[in-house]
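J.: Sequence and predicted structure, then a few things I'm wondering about:
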2 protein chains.
Amino acid sequence: MAEPLAPGAAIGILGGGQLGRMLAVAASRLGLRAHVYDPAPDCPAAQVAAAATHAGWDDAAALAAFADAVDVVTYEWENVPTAALDAIEAVAPIRPNRRALAVSQDRVAEKEFLGGIGLTTAPWAPVGDAAALDAALAGIGCPAILKTARLGYDGKGQARIMAPSDAAPALAAMGGQMAVLEGFVVFEREISVIAARGLDGAVACYDPGENVHEAGILATTTVPARLSPGLRSDAVLIAARILNALDYVGVVGVELFVTRAGLLVNEIAPRVHNSGHWTQNGCAVDQFEQHIRAIAGWPLGDGARHADVVMENLIGDDILRVPDIAREAGAAIHLYGKAEARPGRKMGHVNRVRAKS
Amino acid sequence: MAEPLAPGAAIGILGGGQLGRMLAVAASRLGLRAHVYDPAPDCPAAQVAAAATHAGWDDAAALAAFADAVDVVTYEWENVPTAALDAIEAVAPIRPNRRALAVSQDRVAEKEFLGGIGLTTAPWAPVGDAAALDAALAGIGCPAILKTARLGYDGKGQARIMAPSDAAPALAAMGGQMAVLEGFVVFEREISVIAARGLDGAVACYDPGENVHEAGILATTTVPARLSPGLRSDAVLIAARILNALDYVGVVGVELFVTRAGLLVNEIAPRVHNSGHWTQNGCAVDQFEQHIRAIAGWPLGDGARHADVVMENLIGDDILRVPDIAREAGAAIHLYGKAEARPGRKMGHVNRVRAKS
């Protein structure tokens, strides 16, 4: 195994949003230098990074120079274009690896991968055209949900099919892109596991969090989740199986549905995850530092939870509540440095910390 | 009272060492932009700041432009030259105020201030020449310690006087600078209180920490300190009296000796303090964020302690122990991004976190 990166080494981060911002800060805690790549000049991560390259995702020369200036490259965003990754990988290692990206960039690949390692998902079928959608609906039934195979996030690129008459408009909403039909899952709650795998193959999991979404966007994550010891252990084993199967290095977010029949895997995010933000105030080593440790070849840190936390996203005008939140006991505020509070835009989050129950 | 600074406002920080670095990160958590002023191009704070000015302390034009680019100016270092402060204050407010700086820049002013508000210090006398030193020694007795009035830190600019024959060399070591003779204090332990005062006059104190120095440099701070409830309350009242008397805005570090006769004030630092680093992993709002909140006109945050912490400074070659520390359970590492590990140089610290006792 390669030596761990020493203080002063540079971590390249593709994408300069809030996840890149918090990764950059975590890198600084380990004495490492963050170098952010993002087209937007005043992106959130550049405000806290030692260096930034502002260039397009199609600028091969800028990508190569960026890769040459750093020791390892990671990403806050799983939809980095393939050509950009090619330009980088010729120069510097990318962690997590390309396979993890390929699997999570495409819902068909993701579901095939999950099924292939014996994990359960909602019933699904690939949908390329109207005939495939009809066949899929015949098998899966209504209600169901049609999702673009690629580039979906926060509920975008999705259409519900409550009855067969919804099929045509749902397909039209996909805009001709490859899609996936998923059967509706009746679940008691949604949880997620934030887990990490080191360059040495060691795996560490944070305590599962319980998620509540509003309008397709994560609203809150609560730890501890309401979860039996058996399901808690299942959740951790599922995450570990995914990490090992992908020869993964870094932090992964695994969203799971808790159903009567056990856990179903909803989605994998090959990066630090919004539902892991609670770790900033509940653990000695948070998910951002854990990710940096993993990709830098450091030993994984101690993710044991020392407090109960409720993470609340501050979305759009929620930012106007910050003056009140600032007066709350036990509230740790994390804002992202975004100039404009558009509806649906993640502006920050607050971790409400309590003594461990 | 002025409105609190809104997200996107800029905090100017004079000095780009580790304290400036951690202040810059705390500002980012509140959605504020840090702008660091430091002559050194690759100083620790510039690596995590949204902007940096690298110019000399005598560059009035650079100082004025810096002040013009920010909404409020603070400092990580109490020895900022007076002329630099004058150049800044003509353009932007400086918090904590000039009086706090003047008092803490000069041991004579500091001790006169403390005595003037009824607080007890070690016996002391100002020493400008050999005759004054003789008179001071006659009153205070041996052993004693001679310290330069200005620019002393981490045990520098100090000479012990164990017997009258040490007086001449001790005075020579002052290099002609104004000095202070302090009587030796027999103390059980040294503690410090990190306290804050907001723009609205509200005061908040962290739990006192117990400090151990080695070779004149802080080695560890432990919370909780071994301290009776009465002395704990005295410590907090002393800090509050200092803050109110100075009409202070920001975080102050107050070092106290615990003696049989009660608490003596050793020193005031008008800034975040090394002995408050434990708050990063023991409180929802740490000393760095508390300082930024205060100078930005935000409400003070919740400094209640939710864990026990031992902070250990990593000095010089201690940095070589980081790979081992990284494997420890409960160890939160904070490195400063300094390229060279010179003897006596603070390279980072580790907060060892345990469940609250």
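T.: Yep, it's here. Residues are numbered from 1 along each chain as shown, chains lettered A, B, ... in the order given.
J.: in the stretch 201-350 of chain A, which spans are helices?
T.: A:229-245, A:279-282, A:287-295, A:322-325 (DSSP state H, counting those that start in this stretch).
J.: Ok, the stretch 51-200 of chain A next?
T.: A:60-69, A:82-89, A:98-105, A:107-116, A:130-140, A:167-173.
J.: which of the residues in the last one are buried?
T.: By neighbour count, with 16 or more other C-beta atoms under 10 Å in any protein chain shown as the criterion, the buried positions of helix A:167-173 are A:167, A:170-171. (Each C-beta comes from the backbone N, C-alpha and C, glycine too.)
J.: mind putting those residues in TSV, pLDDT and distance to chain B included?
T.: What follows is the buried residues of helix A:167-173, written out as TSV (pLDDT from 0 to 100; distance: C-beta to the nearest C-beta, whole Å):
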residue	pLDDT	distance to chain B
A:A167	92	44
A:A170	94	39
A:L171	93	42
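J.: I'd like those residues as JSON lines, with distance to A:V252 appended.
T.: Shown next, in JSON lines, are these (distance: C-beta to C-beta, whole Å):
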{"residue": "A:A167", "distance to A:V252": "34"}
{"residue": "A:A170", "distance to A:V252": "30"}
{"residue": "A:L171", "distance to A:V252": "31"}
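J.: residue of the stretch 251-357 of chain A with the smallest distance to chain B?
T.: A:L335 (3.1 Å; C-beta to the nearest C-beta).
J.: which residues sit in contact with that residue?
T.: The contact partners of A:L335, taken as C-beta atoms under 8 Å, 6 or more residues apart in numbering or on different chains, are A:314, A:319, A:322, A:347-348, B:7, B:28-31.
J.: repeat that with 7 Å
T.: A:347-348, B:7, B:29-31 (C-beta atoms under 7 Å, 6 or more residues apart in numbering or on different chains).
J.: can the residues you listed go into TSV with extra columns for distance to B:I145 and neighbour count?
T.: Formatted as TSV, the contacts of A:L335 follow (distance: C-beta to C-beta, whole Å; neighbours: other C-beta atoms under 10 Å in any protein chain shown):
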residue	distance to B:I145	neighbour count
A:M347	53	23
A:G348	49	26
B:P7	47	18
B:R29	40	24
B:L30	41	24
B:G31	45	25
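J.: Can you tell me which of these has the lowest confidence score?
T.: By pLDDT, B:P7 ranks lowest within the contacts of A:L335, coming in at 90.
J.: Tell me how far that one lies from A:I319.
T.: 7 Å (C-beta to C-beta, to the nearest Å).
J.: go on, A:I161?
T.: Distance from A:I161 to A:I319, by C-beta to C-beta: 35 Å.
J.: Could you list the low-confidence segments of chain A?
T.: A:1-2, A:152-155 (pLDDT under 70).
J.: and it, which residues reach chain B?
T.: Counting by C-beta under 7 Å from any C-beta of the partner chain, chain A comes close to chain B at A:4, A:7-8, A:25, A:28-31, A:33, A:47-48, A:50, A:281, A:284-285, A:298-299, A:301-302, A:304, A:306-307, A:319, A:323, A:326-327, A:329-337, A:339, A:348, A:353, A:355.
J.: Any of those residues buried? List them.
T.: A:4, A:7-8, A:25, A:28-31, A:33, A:47-48, A:50, A:281, A:284-285, A:298-299, A:301-302, A:304, A:306-307, A:319, A:326, A:330-337, A:348, A:353.
J.: Among the helices of the stretch 201-350 of chain A, show me which one is buried the most.
T.: helix A:287-295 (a mean of 28; mean count of other C-beta atoms under 10 Å in any protein chain shown).
J.: now it, how far from the centre of its chain.
T.: Put simply, helix A:287-295 sits 13 Å off its chain's centre (C-alpha atoms, centre = their mean, to the nearest Å).
J.: Which strands and helices lie in contact with it?
T.: helix A:18-29, strand A:189-197, strand A:250-259 (3 or more C-beta pairs under 7 Å, 6 or more residues apart in numbering or on different chains; DSSP states H and E).
J.: ok so, going back, nearest to A:D59 among the helices of the stretch 201-350 of chain A would be which one?
T.: helix A:287-295 (23.3 Å; C-beta to C-beta).
J.: Run the angle between that closest one and strand A:250-259 for me.
T.: 130 degrees (axes from the mean of the first three to the mean of the last three C-alpha atoms, to 10 degrees).
J.: what angle separates helix A:287-295 from strand A:189-197?
T.: Using the same axes, to 10 degrees: helix A:287-295 against strand A:189-197 is 40 degrees.
J.: Provide the backbone phi and psi angles at the nearest residue to A:D42 once chain neighbours are set aside.
T.: Excluding its sequence neighbours, the residue lying closest to A:D42 (C-beta to C-beta, 6 or more residues apart in numbering or on different chains) is A:A339, at 7.2 Å. With angles defined as degrees, to the nearest 10, A:A339 sits at phi -70, psi -40.
J.: For burial, what's the neighbour tally of the nearest residue to A:N313 once chain neighbours are set aside?
T.: Of all residues not flanking A:N313 in the chain, A:H349 sits nearest, at 5.1 Å (C-beta to C-beta, 6+ apart). A:H349: 25 surrounding residues under other C-beta atoms under 10 Å in any protein chain shown.
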